[in-house]
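Enquirer: below: sequence and its predicted model.
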Amino acid sequence: MELDRIDRHILRILQNNGRIPNRELADEIGLAASTCSQRVHRLRDEGVLLDTHATVDPEALGIDLQALISVRLARHSRKDVEAFHLHCLSLDEVRAVFHVTGRQDFVLHVAVRDTEHLRDLAMDAFTTRPEVAHIETSLVYEHDHKPVLPDFLGSQQ
């Protein structure tokens, strides 16, 4: 799908505030509300706009610790890689799965209650897997993320 300047503007606003009412979105962009609504629906239908999420304070859910777990696989067959990837996605504690190049094969962002929970997760969910050769855990002191993706093409227009 070809995105024009208006589509990109809609996406920038929605990435910062996915709950903005259509009327406000239309006013901010300078479109009629019906036109704005049609564009947002088209972006969803075309698979550009994937979803809307609420950001929740981890501590409110009893999550006091986050970590990155780097995993090196013993074998790199497609079957083993896919099996491990699916296993990671099935775990409630795993917030993000990155299949990467380099010395490690995966980097997992996990959220847990405490160090005991982290140790149990590492021991029970990863070191017991036959495809895992090695894991290394790094505690996250601070976590911030940008909700808006870079718009490299939009900045060139």
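Expert: Looks like it arrived, so ask away.

Enquirer: which residues touch the residue nearest the centre of the chain?
Expert: Closest residue to the average C-alpha location of the chain: Ala96 at 5.7 Å, with CA atoms, centre = their mean. Counting by CB atoms under 8 Å, 6 or more residues apart in numbering, Ala96 touches Leu108, His109. Using the backbone N, CA and C atoms, a C-beta is placed for each residue, glycine as well.

Enquirer: could you do Leu68 as well?
Expert: Here Leu68 is in contact with Val107, Leu108, His109, Val110, Thr137, Ser138, Val140 (CB under 8 Å, 6+ apart).

Enquirer: please flag which of these sit within strands.
Expert: Members of the contacts of Leu68 lying in strands (criterion: DSSP state E): Val107, Leu108, His109, Val110, Thr137, Ser138, Val140.

Enquirer: in this structure the fourth one contacts Arg119, no?
Expert: In this case it means Val110. No - counting by CB atoms under 8 Å, Val110 sits too far from Arg119 to count as a contact (11.7 Å).

Enquirer: what's the domain layout of the protein?
Expert: 5-54, 58-140 (automatic domain parsing).

Enquirer: for those, which one sits closest to Phe152?
Expert: Nearest of those to Phe152, taken as CB to CB: domain 5-54 at 10.7 Å.

Enquirer: any idea how far Ala26 is from the residue sitting furthest away from the middle of the chain?
Expert: What lies farthest from the middle of the chain is Ala32; by CA atoms, centre = their mean that is 32.3 Å. Distance of Ala32 to Ala26, computed by CB to CB, to the nearest Å: 6 Å.
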